[in-house]
Every structure is written in structure tokens, then in C-alpha cells.
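Engineer: Following is a predicted model, sequence given first.
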Amino acid sequence: MDRLRAMEVFVEVVRKNGFARAADALDTSPANVTRIISDLESHLGTRLLNRSSRKMSLTESGEALYERAKSIVEEMVEVEAIASSASMQPRGLLRINAPLSFGILHLAPLWPKFKAAYPEVELEIALIDRVVDIVEEGYDLAIRISRVGSTAHAARKLATSHNIICASPEYLRKHGAPVLPSDLVNHHCIVYSYSPTADEWSFLDEKGHVHSVKVPYTMRTNNGDTARAAALAGAGIIWQPSFLIGADLRAGRLVQLLPGYRMPDIDVLAMYPSRRHLSAKVRVMIDFLVEEFKDTPPWEADH
């Protein structure tokens with residue numbers, strides 16, 4: 001049995017979620033795919049796939065094999081590219097996870113430029129605000145907005161964004177502006193539920209002292225655009241990153257509050273499972289993003 005070929009067929013069956021679709025992708029017959037998978041299961045002495053007439057799923061052994069087999073197949077593709085060319089050409093499917101608002105505002109305009117430079121890389125972009133498990137959910141790369149990053153994965157910093165507390169002029173005309181962080185207890189606040197301290201806001205004064213306040217809130221949301229829209233409508237005070245509200249601050253639609261106090265900055269990170277065996281497609285994407293964000297990002301104009 002050609003074990004590398006068997007791994008390739010197994011990975012394609014899982015990716016395509018079916019024997020017939022995998023056969024089409026591999027330019028072979030469904031019967032041949034079925035035979036190869038059966039031979040692989042016999043060789044390993046375990047069932048890899050639960051299959052019925054309606055659905056297919058991985059067994060526990062199949063899940064364990066899939067991640068390793070996928071890496072082996074992808075690395076083999078790149079080894080073949082090295083052998084046939086003086087320079088390795090990045091290619092294949094690249095799965096990227098990014099936060100919704102940041103992905104729409106600041107990443108979506110970059111994808112056509114990347115595709116023009118690397119036409120053999122197929123992009124699959126998933127915009128999800130919750131923190132995903134990169135390995136478990138099968139992502140090659142994740143863009144994270146974080147104060148602390150992750151000790152479980154490798155990362156490169158792309159940019160910095162400031163957290164800004166602000167409200168609309170309409171809200172301030174009706175309710176006045178807080179002077180101290182403690183004044184927030186008398187205001188309507190809109191909190192971001194994915195923050196680990198959603199309703200406990202912390203500020204640093206000019207001497208570096210921390211001021212924390214548990215704020216009352218009239219709205220709780222897991223999406224920054226929803227919080228922004230509510231603030232623009234005069235519903236309350238928000239804190240959101242400058243990459244989301246920078247244009248509103250410059251246009252005067254939102255007004256920064258509490259001069260003399262600041263919230264901790266956050267980093268925009270490109271995060272990936274490991275520095276070891278970094279594939280060409282991931283490496284060129286990281287380098288591309290670092291280059292695109294190397295200058296002061298547009299959202300950090302004076303506000």
C-alpha cells in the first residue's frame with residue numbers, strides 16, 4: 001500500500017465530506033477511494049470513518065489521524081514544489097479566522113491584493129468574534145485582537161489599537177460628560193460581552209495608577225458594531241477599539257471622554273499553531289499582513 005497516497009485520499013475524503021466528491025477532486029473513481037480507505041483502516045487496525053447512506057463522520061482514531069495526515073500531505077506538496085522549482089510557490093487552501101468588524105473594515109480590502117500576488121493560494125475567511133481553537137477548528141491562521149496574546153500559539157504583532165471611551169454629542173447634551181471614572185456609575189453604559197471584564201472598566205491615570213469601576217449598563221452585546229450603532233444613536237457610553245470608531249471620532253459623531261485617563265492598548269496579532277514546519281502559504285500571508293500594517297494604521301489618526 002502506498003501510505004502517502006492513502007493519507008492524501010483520506011484527507012480529501014474528510015475535506016470534501018464524501019467519497020464521490022473526493023474521487024472527483026483526485027481524478028479517480030469512488031470505488032478506488034473506497035478501496036484505499038479500507039486498506040488504510042486494515043493497515044492501521046482501526047476504523048477511521050463512520051459512514052452511512054446519509055452522513056459520514058470521523059471516529060476518534062480518524063480525528064487523531066486527520067490533523068497529522070493533513071500536515072503530512074501539505075508538507076509533501078511543498079516538498080514537491082521545492083524539487084521542481086528553485087523557489088517554492090505558496091499554494092493550497094489557507095483557512096483564516098478573524099474578528100467580524102476588523103475583518104470587514106481592515107482585512108477584506110487586502111484579500112484581492114494578496115490573491116493577485118499569490119494566485120495559487122485559495123482563501124477561506126471565517127469572521128467570528130468568539131475566540132476559536134485554531135487547531136481544533138482547523139484554521140491555519142487567526143487574527144486576534146488581544147491585550148495578552150496566547151501562550152499556546154506562535155504570534156506576530158501586526159499593529160496596535162487604542163481602546164477609547166466615548167459617547168455621542170446628543171448623549172452628552174442630555175446627560176453631561178463624566179469627569180472621573182467613578183462618575184460612570186451615574187451614566188448609561190453599553191458593554192461588550194466577549195470582554196472578560198465586560199462591565200468592569202479599568203483606566204490608567206497620568207501617573208500610571210489603575211482606576212476600576214463597575215458600570216451600570218443598559219445594553220450588553222457580543223458585537224462591536226452593535227455597540228457603536230447604539231452609541232451613535234445616543235443610547236449610552238461605550239469603549240471600543242480605535243480601529244472601529246476612529247472615523248467617528250475624527251468626524252465628531254463620537255466624542256472621547258475622560259481626558260487624563262486611558263484604557264490599556266490592545267494588539268492586533270497574527271496567530272498560528274506553531275513556528276515549526278510553517279507552510280509557505282501561512283508564511284507569505286503573515287509577511288504580507290506585517291507589510292500592510294507596518295506604518296501607522298489609518299485608524300490611529302489624531303482623534
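Structural biologist: Ah, there it is. Keep in mind that this is a model prediction, so the values were computed, not measured.
Engineer: Count the residues that sit near the closest residue to M263 other than its chain neighbours.
Structural biologist: Closest residue to M263 apart from its sequence neighbours, by C-beta to C-beta, 6 or more residues apart in numbering: N163 at 3.8 Å. Where you see a C-beta, it was placed from the backbone N, CA and C, and this is true even at glycine. Using other C-beta atoms under 10 Å, the number of residues around N163 comes to 19.
Engineer: how much space between N163 and S242?
Structural biologist: As judged by C-beta to C-beta, to the nearest Å, N163 and S242 stand 8 Å apart.
Engineer: Tell me where the stretch 201-303 of the chain has strands.
Structural biologist: 210-214, 217-221, 238-241, 255-256, 261-262, 266-272 (DSSP state E, counting those that start in this stretch).
Engineer: The third one packs against which elements?
Structural biologist: The one in question is strand 238-241. strand 163-167, strand 189-192, helix 224-232 (3 or more C-beta pairs under 8 Å, 6 or more residues apart in numbering; DSSP states H and E).
Engineer: How about exporting the shortest one as PDB, limited to the C-alpha atoms?
Structural biologist: Extracted C-alpha coordinates of strand 189-192, given in PDB (Å, rounded to 0.1, in the frame of the first residue of the first chain):
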ATOM      1  CA  CYS A 189     -23.200  52.300  29.500                       C
ATOM      2  CA  ILE A 190     -23.100  49.700  26.700                       C
ATOM      3  CA  VAL A 191     -20.900  46.800  27.400                       C
ATOM      4  CA  TYR A 192     -19.100  44.200  25.100                       C
END
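Engineer: what comes into contact with that strand?
Structural biologist: 198-199, 201, 215-222, 224, 227, 230-231, 235-240 (C-beta atoms under 8 Å, 6 or more residues apart in numbering).
Engineer: and the longest helix for this protein?
Structural biologist: The longest helix of the chain (DSSP state H) is helix 60-84.
Engineer: Helices of the stretch 51-200 of the chain, residue ranges please.
Structural biologist: 60-84, 100-102, 111-117, 169-175 (DSSP state H, counting those that start in this stretch).
Engineer: Of those, which is nearest L93?
Structural biologist: Shortest distance between L93 and the helices of the stretch 51-200 of the chain, using C-beta to C-beta, is found for helix 60-84: 8.9 Å.
Engineer: Show residues contacting the closest one.
Structural biologist: 4, 7-8, 10-11, 14, 44, 46-49, 58, 88-89, 91-92, 135, 138, 277, 279-280.
Engineer: Of those residues, select the buried ones using a PyMOL command.
Structural biologist: Burial among the contacts of helix 60-84 is assessed by 16 or more other C-beta atoms under 10 Å; the matching PyMOL selection reads:
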select buried, resi 7+8+10+11+14+48+49+58+88+89+91+92+138+279+280
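Engineer: what stretches of the stretch 1-150 of the chain score poorly on pLDDT?
Structural biologist: 53, 79-88, 147-150 (pLDDT under 70).
Engineer: quick one: the strands in it?
Structural biologist: So, for the stretch 1-150 of the chain - with DSSP E, counting those that start in this stretch - the strands run 49-51, 56-58, 92-98, 121-127, 141-146.
Engineer: Good, we can wrap up now.
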